[in-house]
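> Curious how this folds, go ahead:
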Amino acid sequence: MFGEFNLIEKYFSDRQPQRKDVHLALGDDCAILHVPNHVRIAISTDTLVAGTHFLADANPAWVAHKALASNISDLAAMGATPAWVSMALTLPSIDERWLAPFCTAFFELANYYNVQLIGGDTTKGPLAITLTVQGFIPQDKALLRDQAKVGDWIYVTGELGDSKAGLDVILDPKKREHPFAAELERRHYLSTPRVLVGQALLNIASSAIDISDGLMADLGHILHRSQVGASIDVNALPLSKELKQFVGELSLAQQYALTSGEEYELCFTVPEENRGALESALAHTACKVTCIGQIRPQGIIELTRQGKKLDWSLMGYDHFKEPV
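From the prediction side, this is the model:
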C-alpha cells in the first residue's frame, strides 16, 4: 500500500544537496539547524488552496512554482537570503501523475535559490499547499514597511498587470482567443522572486513590500505603516506589450497594473539622496526598475496623468472575494 511514509520517501527525501547549516532535515520529529553568526531569521508562511489560488486541474508544475515563488518573494521584500522551507501538503488522494511534476518543479526552483526542504507534513483532504520559508537578514538590517518619508521616490520592479490578465484567461475561456493569452496565463503562475534586488536595496530603500494583492493595496500598506500618502503617475507604470495588446486599451492596461494581484514584483521607496546609488546597486540583478511616483504628506494614493488627477476607484486583489 502506498501510504504517507512511502510518499515522503519517494517524492521528498534525498532530492537536494544538504546545506552546511542543516544538521538534520527530513526523517525525524523536528529539523535541527545551525544559525550563522550576526544574522537574524526572517520567516514567512503562505497557503495556496485549490479553487482560490489555482484550479484543481492546473499544471502541477506551475502550481509548485507559484507556491514556492510566492513565499520566496516575501523574503525578497525584506532583503533576506532564502535558506530553508517546510511544506504541509494536503491531497485528496495520492496521485503520482500530479505529484511527479509538482515535486520536480518544486525542487528545481528550490535548488535554484539554494533553499532546502527541511520538513513538513502530508495528509488527506482538499488540495492545499502550505509553505513556511526562512531566510537570513544581516544584523540590524531589514526592509520594512514603516520607514517611508515624504519626498521619497516610489519604484517597482518588472512589469505590472500580466498576472491579472493571466487570471482573466484562467477564469474566462473565451479570453483564450485574445492576443498573448497563453503567455499571460503562464506568467500568472511563473513569477520571479526578486531576491537579488531585495538584498541590494538593504542600504538604499527606506521601505519595501512585494506585490501580492495589487500595487494599490500593497503600496497602501506602506502608506498606512509609514503614515504618509503617495502620488502615482499612471503613464509611468511599466506595462508589457502583451498586456496592452491583450486588453486593447491603454487606460485599462494601467488599471490592471494598479490592481493585479499575485505579481510578486517589489514596490519600494528610495530617499532622494540614495537615487544616484540605485542604478549601480542593481546593475548585477538584470532587473528592470521604474520610478512611478513620490511619497506625499496626505494619507491617500493620488493617481495622475500628465499632471491631472484621475478619479479612478480601484481595489486590490482579495482572496476572499476573487477565488479562482
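> What pLDDT does the model give the nearest residue to His34 once chain neighbours are set aside?
For His34, ignoring the flanking residues on the chain, the nearest one in space by CB to CB, 6 or more residues apart in numbering is Asp21 at 4.5 Å. All C-beta spots, glycine's among them, are computed from the backbone N, C-alpha and C. pLDDT, Asp21: 92.
> oh, and call the first residue 12 from now on, that's how I've got it
Okay, residue one is now 12; in that scheme the one you just asked about reads as Asp32.
> is it true that Asp32 touches Ala94?
Yes - checked against CB atoms under 8 Å, the pair Asp32 and Ala94 is within contact range at 6.8 Å.
> Which one's more surrounded, the two?
Comparing Asp32 with Ala94 by neighbour count (other CB atoms under 10 Å), the higher total belongs to Ala94, at 24 against 13.
> Contacts only, for that one.
Contact analysis of Ala94 by CB atoms under 8 Å, 6 or more residues apart in numbering lists Arg30, Asp32, Asn125, Val126, Gln127, Gln145, Gly146, Phe147.
> Quick check: PyMOL command selecting the buried ones in those residues.
A single PyMOL command selects the buried members of the contacts of Ala94 (16 or more other CB atoms under 10 Å):
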select buried, resi 30+126+127+145+146+147
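> ok, so of the contacts of Ala94, who is nearest Lys320?
Minimum distance to Lys320 across the contacts of Ala94 is 40.2 Å, recorded for Gly146 (CB to CB).
> Quick check: phi and psi at that closest one.
Main-chain dihedrals, Gly146, degrees, to the nearest 10: phi -150, psi 170.
> which residues does the residue lying closest to Gln238 once chain neighbours are set aside contact?
Nearest residue to Gln238, sequence neighbours excluded (CB to CB, 6+ apart): Gly310, at 7.0 Å. Taking CB under 8 Å, 6+ apart as the criterion, Gly310 is in contact with Leu234, His235, Gln238, Val239, Gly240.
> Look at the nearest residue to the fourth one once chain neighbours are set aside and give its secondary structure.
Read it as Val239. Residue nearest to Val239 in three dimensions, not counting chain neighbours: Ile306, with 5.1 Å by CB to CB, 6+ apart. Of the three states, Ile306 takes strand according to DSSP: H, G, I helix; E, B strand; the rest coil.
> Can you get me a residue count around Ile306?
Neighbours of Ile306 (other CB under 10 Å): 24.
> with the contacts of Gly310 in mind, which one is nearest to Ile222?
Ile222 lies nearest to Leu234 out of the contacts of Gly310, by CB to CB, at 14.3 Å.
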